[in-house]
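Trainee: Could you work out the structure for the sequence below:
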Amino acid sequence: MTRPFRFAVQATKATTATEWRDTARRVEGLGFSTLFLSDHYLGPGPAQEEARWPPQYLAPIAAMSVAAAVTSTLRVGCRVFCTDYHVPGVLVKEAATLDMLSDGRLEFGIGCGWSEPEYVAMGVPFAPAPERVSKLEEVVALFKAQCSGAPLDVSGSHVTAKDYAGLPLPVQRPHPPIIIGGSRKRVLSLAGREADIASISTVSFEPVNAQGRTPQQEAVKRLQFVRDAAGERVSDLDIESSPFFIKITDDADTTLNKIASRLRISSDGLADHPNVLVGGVDEVADQLLKRRETFGANYISVQQSNFEEFAPVAQRLAGL
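Mentor: Modelled structure (predicted):
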């Protein structure tokens, strides 16, 4: 079964309260489904430059709360919370509270972390990947248990919560939608088994990766990990993608050449890369329809800098 399109905006930048409130209202007014924040914290400096991630203006929980308070239909979420940046029991209670206070508009994104320079800058131990993924598995289980309202009895290798029941109960039952994303089999299989939204991470811009797969083949392979683990519930899963390069333009070649120059790669075939959306409104809409058939991606997140120009595409495809 083909899942209908949904569109989200990921935004982290505002320098005043008014600016952030206006952004949330504008995202809602243009018909986007969701406003995502990001669970990153570094401002300008050597650590941020080493992390190769934009300076982060807003912390997610407070910004999500304000966005929900000034809108009525806009869903809110974080793409995604890092398990190592939060006490698990505190995070899942914050999430349930956000769902209750937003009248059921939370999407709970959760991941195992990846930016070692950020960990180091904030003094957070950066465990080997298998340990971080194991912790993610335990936090997902805790979130589901928290939302049930039953007494908690969780004593894992990384997560402890016992001798109390989770409050408040979320509005969305049995729990708010869970987003899990990644690039490797273990995490994508976890998404297939436990999530409601599986996010396919950015694939390499190299023509062929170390496994001999093109970017398109890599995206299909990652989707297959999700589908294999999901089994019969696969038709209920949204597949989320966040194209890294977006430009609505009648001069696609110029934009693609600029992207290729920045990445130091050939522009040949770049228009078909899963994380590139360049062209006019009709052309980009057609690209997304084709990619939904190939890569399964029906839930598209765009960056704050792109959402105004992208809105006509979202309006055309939303719900189809």
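Trainee: show me where the stretch 1-150 of the chain has helices.
Mentor: 17-29, 46-51, 60-69, 88-101, 116-122, 129-148 (DSSP state H, counting those that start in this stretch).
Trainee: will you turn those into JSON lines that also has distance to residue 171?
Mentor: The C-beta positions use only the backbone N, C-alpha and C, and glycine is treated the same way. Below are these laid out as JSON lines (distance: least, C-beta to C-beta, whole Å):
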{"stretch": "helix 17-29", "distance to residue 171": "18"}
{"stretch": "helix 46-51", "distance to residue 171": "35"}
{"stretch": "helix 60-69", "distance to residue 171": "12"}
{"stretch": "helix 88-101", "distance to residue 171": "6"}
{"stretch": "helix 116-122", "distance to residue 171": "32"}
{"stretch": "helix 129-148", "distance to residue 171": "10"}
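Trainee: got JSON lines for these, with distance to residue 237, mean pLDDT and mean neighbour count too?
Mentor: Below are the helices of the stretch 1-150 of the chain laid out as JSON lines (distance: least, C-beta to C-beta, whole Å; pLDDT from 0 to 100; neighbours: other C-beta atoms under 10 Å):
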{"stretch": "helix 17-29", "distance to residue 237": "24", "mean pLDDT": "98", "mean neighbour count": "16"}
{"stretch": "helix 46-51", "distance to residue 237": "30", "mean pLDDT": "95", "mean neighbour count": "16"}
{"stretch": "helix 60-69", "distance to residue 237": "23", "mean pLDDT": "98", "mean neighbour count": "19"}
{"stretch": "helix 88-101", "distance to residue 237": "20", "mean pLDDT": "98", "mean neighbour count": "20"}
{"stretch": "helix 116-122", "distance to residue 237": "29", "mean pLDDT": "97", "mean neighbour count": "16"}
{"stretch": "helix 129-148", "distance to residue 237": "15", "mean pLDDT": "97", "mean neighbour count": "20"}
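Trainee: Where does the prediction get shaky in this structure?
Mentor: 1 (pLDDT under 70).
Trainee: Just want the most central residue of it.
Mentor: residue 79 (3.6 Å; C-alpha atoms, centre = their mean).
Trainee: Name all residues that make contact with the nearest residue to it once chain neighbours are set aside.
Mentor: Distances taken as C-beta to C-beta, 6 or more residues apart in numbering put residue 36 closest to residue 79, at 4.1 Å, once the chain neighbours are dropped. Shown in contact with residue 36 (C-beta atoms under 8 Å, 6 or more residues apart in numbering): 8-11, 76-79, 107, 109, 301.
Trainee: how about the helices in the stretch 201-320 of the chain?
Mentor: Using DSSP H, counting those that start in this stretch, helices in the stretch 201-320 of the chain cover 215-230, 252-263, 281-295, 307-317.
Trainee: Make CSV from those helices and add distance to residue 158 and mean neighbour count to it.
Mentor: Listed next are the helices of the stretch 201-320 of the chain as CSV, based on distance: least, C-beta to C-beta, whole Å; neighbours: other C-beta atoms under 10 Å:
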stretch, distance to residue 158, mean neighbour count
helix 215-230, 21, 19
helix 252-263, 37, 15
helix 281-295, 32, 17
helix 307-317, 36, 19
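Trainee: what's the closest of those helices to residue 241?
Mentor: Of all those, helix 281-295 sits nearest to residue 241, with 7.1 Å by C-beta to C-beta.
Trainee: Give me the residues contacting that closest one.
Mentor: By C-beta under 8 Å, 6+ apart, helix 281-295 touches 2-3, 5, 200, 216, 219-220, 223, 239, 241, 248, 252, 271, 274, 277-279, 297-298, 300, 310, 312-313, 316-317.
Trainee: what do you get for stretch 56-67?
Mentor: 12-15, 17, 20-21, 24, 35, 37-43, 74, 76-78, 81, 94, 98, 101, 106.
Trainee: Kindly recompute the last result at 6 Å.
Mentor: Residues outside stretch 56-67 that contact it (C-beta atoms under 6 Å, 6 or more residues apart in numbering) are 12-14, 24, 35, 37, 39-41, 76, 78, 94.
Trainee: nearest to residue 127, of the residues you listed?
Mentor: residue 39 (16.9 Å).
Trainee: Quick check: the closest one touching residue 83?
Mentor: No. With contact defined as C-beta atoms under 6 Å, residue 39 does not reach residue 83; the gap is 9.7 Å.
Trainee: coming back round to it: put together JSON lines for the contacts of residue 36, with distance to residue 116 on each row.
Mentor: Formatted as JSON lines, the contacts of residue 36 follow (distance: C-beta to C-beta, whole Å):
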{"residue": "8", "distance to residue 116": "27"}
{"residue": "9", "distance to residue 116": "28"}
{"residue": "10", "distance to residue 116": "22"}
{"residue": "11", "distance to residue 116": "25"}
{"residue": "76", "distance to residue 116": "28"}
{"residue": "77", "distance to residue 116": "24"}
{"residue": "78", "distance to residue 116": "20"}
{"residue": "79", "distance to residue 116": "20"}
{"residue": "107", "distance to residue 116": "27"}
{"residue": "109", "distance to residue 116": "20"}
{"residue": "301", "distance to residue 116": "24"}
